[in-house]
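Colleague: Give the three-dimensional model of this entry:
(2 chains)
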Amino acid sequence: MKYLEEFQNPELARRLLDDIRATVTRPWALMEVCGGQTHSIIRHGIDQLLPEEVELIHGPGCPVCVTPLAVIDQALEIASRPEVIFCSFGDMLRVPGTDRDLFRVRGEGGDVRVVYSPLDALKIAQQNPDREVVFFGIGFETTAPPNAMTVHQARRLGIRNFSMLVSHVRVPPAIEAIMTSPSCRVQAFLAAGHVCSVMGLDEYPALADRFGVPIVVTGFEPLDILEGIRRAVRQLERGEHTVDNAYPRAVRAAGNPAARAMLADVFEVADRAWRGIGTIPASGWRLSDRYRDHDAEHRFSVEGIATREPAACRSGEVLQGLIKPHECEAFGTTCTPRTPLGATMVSTEGACAAYYLYRRLGNAPTPLEATPVV
Amino acid sequence: MCLAVPGKVMEIEERDGTRMATVDFGGVVKEVCLEYLPDLAVGEYAIVHVGFALQRLDEESARRTLALFEELGLLQEEFGDPWEAAADQDRPQAQEARQ
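Modeller: The predicted structure is shown next:
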């Protein structure tokens, strides 16, 4: 119980934990899909507070982590061009490509800029009409609508020097891929709250039915996560498998209809490769033909880049919940936040980074760096 | 980067045909696009991600989440300041490369 004092409401946390303990009669494996939830779980020691029957498996819900190496290499290639201003969210800058990262490109003279919003990149394009401004459009269903709106605005305002390198991914096909894997141990999902804030719940009942798996929409605060676990365990013990919204203050059943309409207009569903996992059918978006003028992949020739995954990195297994981060031989030795082999150690939402920052497990020799790197 | 943060709408204005707001995230103020929540009003709270309001939130939930995120250092993370700081550290190297 040593972590409980860190909860905002320790008494409520204790009650939720007591209820989970009173309910559980046999082992269950639950997957939290979202990397933000993984960090909250490890930071607050939620996995250690749970009864031993309840195991949390960390899912692939970190957009930085799942962006494939080939796309990172494409970004590096485009960002290196002298006519380009390359704009990205900050956490992509240190993700390693085959032989360098965006920081290195910047160090070599490339114009790489960190933006808070994709609209900032559009503004940069308006201010620099003689340059090509490229925005790195990655992320799940939470990030895709802002990026879709930005491309829509570029077309509406006639900003021709703006394009987007798109590698968006969708959660439901990832759930399907995990459940159909022969090595799958997942028996219930804590679905990513903010993804559902946008997309609503429509896509989940069919998955819950098909795989007989409870899906509980869950928030990010420690108490939200405990409540999500409590509801999932309750369903498992009763043999139920429904979609349950444990985050109603931020998730409506229909999601955000305006955002969904814009997604349908700007993007079309496409197969996507996931780093460390491989290609999952219909698991992502690309720009639809009407927006092809703003597609960086078409504007710049980035075919034929040779990629090499680091052999020692087991992030693919981490992303599928097959191993915990500290079970990788490189964890904390050759792979640290300062010398990352894979994106799961780089990203602020990566599972390896969470274990590194908040808990030093396994047989990794010391010294491990004492200062959290974020 | 997938984390969305609650904020309070301070001002609303139309810019380039787009509905924009000034939003306060517990002291950090940012410009936010309201196109996905066009009826959001001054004084209301919403979940905001990368400069876009995505869903309404009640005030109490918003305040609670903001306090927690601040405590965890997640506000800074969402707004990218540590990355800019890291990028600044990288600049001398960039200048060297250009010389």
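Colleague: Quick one: the helices in chain B, in order.
Modeller: Applying DSSP state H to chain B gives helices spanning B:59-72, B:74-79, B:81-98.
Colleague: In contact with residue 51: list those residues for me.
Modeller: Using chain A here. Counting by C-beta atoms under 8 Å, 6 or more residues apart in numbering or on different chains, residue A:51 makes contact with A:20-21, A:24. C-betas here are computed from N, CA, C, even on glycine.
Colleague: That was the other one, I meant chain B.
Modeller: A:116-120, A:146, B:30-33.
Colleague: among the residues you listed, who's most crowded?
Modeller: Using other C-beta atoms under 10 Å in any protein chain shown as the neighbour criterion, residue A:118 leads the contacts of residue B:51 with 30 neighbours.
Colleague: which other helices and strands contact the helix or strand harbouring residue A:31?
Modeller: Here residue A:31, judged by DSSP states H and E, is contained in strand A:28-34. For strand A:28-34, the packing partners by 3 or more C-beta pairs under 8 Å, 6 or more residues apart in numbering or on different chains; DSSP states H and E come out as strand A:54-61, helix A:171-180, strand A:188-192, helix A:193-199, helix A:222-238.
Colleague: Inside strands: which ones of the contacts of residue B:51?
Modeller: If you go by DSSP state E, those have B:30-33 in strands.
Colleague: isn't residue A:308 right up against residue A:73?
Modeller: No - using C-beta atoms under 8 Å, residue A:308 is not in contact with residue A:73; the gap is 9.5 Å.
Colleague: Now the common contact residues for those two.
Modeller: Overlap of the contact sets of residue A:308 and residue A:73 (by C-beta under 8 Å, 6+ apart) consists of residue A:98.
Colleague: Look at those two and report which has more neighbours.
Modeller: Neighbour count, other C-beta under 10 Å: between residue A:308 and residue A:73, residue A:73 has more, with 19 against 10.
Colleague: Correct me if wrong: the more buried one contacts residue A:100.
Modeller: No - between residue A:73 and residue A:100 there is no contact under C-beta under 8 Å: 9.3 Å.
Colleague: re the thing from before, any chance of the helices and strands packed on strand A:28-34 in CSV with mean neighbour count and distance to residue A:302 as columns?
Modeller: Below are the helices and strands packed on strand A:28-34 laid out as CSV (neighbours: other C-beta atoms under 10 Å in any protein chain shown; distance: least, C-beta to C-beta, whole Å):
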stretch, mean neighbour count, distance to residue A:302
strand A:54-61, 25, 25
helix A:171-180, 20, 25
strand A:188-192, 28, 30
helix A:193-199, 27, 28
helix A:222-238, 22, 39
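Colleague: out of these, which comes closest to residue A:321?
Modeller: With C-beta to C-beta as the criterion, residue A:321 lies closest to strand A:54-61 of these, at 3.7 Å.
Colleague: Can I get the closest one in CSV? Just the C-alpha atoms.
Modeller: Taking C-alpha atoms only, strand A:54-61 is exported to CSV below (Å, rounded to 0.1, in the frame of the first residue of the first chain):
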residue,chain,number,x,y,z
VAL,A,54,-5.1,-9.2,-11.8
GLU,A,55,-2.4,-8.7,-14.3
LEU,A,56,-2.1,-5.5,-16.4
ILE,A,57,-0.6,-6.0,-19.9
HIS,A,58,0.6,-2.8,-21.6
GLY,A,59,-0.9,-2.2,-25.0
PRO,A,60,0.3,-0.6,-28.2
GLY,A,61,-1.3,2.8,-27.6
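Colleague: I'd like the distance from it to the chain centre, please.
Modeller: On the basis of C-alpha atoms, centre = their mean, to the nearest Å, strand A:54-61 is displaced by 13 Å from the centre of the chain it belongs to.
Colleague: Run through the neighbouring helices and strands of it.
Modeller: When contacts are defined as 3+ C-beta pairs under 8 Å, 6+ apart, strand A:54-61 packs onto strand A:28-34, helix A:35-43, helix A:46-49, helix A:171-180, helix A:222-238, helix A:315-319.
Colleague: so who does residue A:98 touch?
Modeller: Residue A:98 neighbours (C-beta under 8 Å, 6+ apart): A:69, A:73, A:305-308.
Colleague: Apply 10 Å and report the result again.
Modeller: Neighbouring residues of residue A:98 by C-beta atoms under 10 Å, 6 or more residues apart in numbering or on different chains: A:69-70, A:72-73, A:76, A:305-310.
Colleague: between those residues, which has the most around it?
Modeller: Per-residue neighbour counts (other C-beta under 10 Å) across those peak at residue A:72, which has 26 neighbours.
Colleague: if I look at it, how far off is chain B?
Modeller: According to C-beta to the nearest C-beta, to the nearest Å, residue A:72 and chain B sit 15 Å apart.
Colleague: What sits closest to that residue if chain neighbours are left out?
Modeller: Leaving aside its sequence neighbours, residue A:72 sits nearest to residue A:97 (C-beta to C-beta, 6 or more residues apart in numbering or on different chains; 4.2 Å).
Colleague: Tell me where the stretch 51-200 of chain A has helices.
Modeller: A:63-66, A:69-79, A:102-107, A:118-127, A:144-156, A:171-180, A:193-199 (DSSP state H, counting those that start in this stretch).
Colleague: longest single strand anywhere in chain B?
Modeller: Longest strand in chain B by number of residues (criterion: DSSP E): strand B:5-15.
Colleague: In terms of secondary structure, what does that one contact?
Modeller: strand B:18-25, strand B:28-33, strand B:45-49, strand B:52-57, helix B:59-72, helix B:74-79 (3 or more C-beta pairs under 10 Å, 6 or more residues apart in numbering or on different chains; DSSP states H and E).
Colleague: and stretch A:92-112, how far from the chain's centre?
Modeller: 21 Å.
Colleague: now stretch A:224-234
Modeller: Remark: stretch A:224-234 is offset 21 Å from the chain centroid, using C-alpha atoms, centre = their mean.
Colleague: Stretch A:290-304 now?
Modeller: 24 Å.
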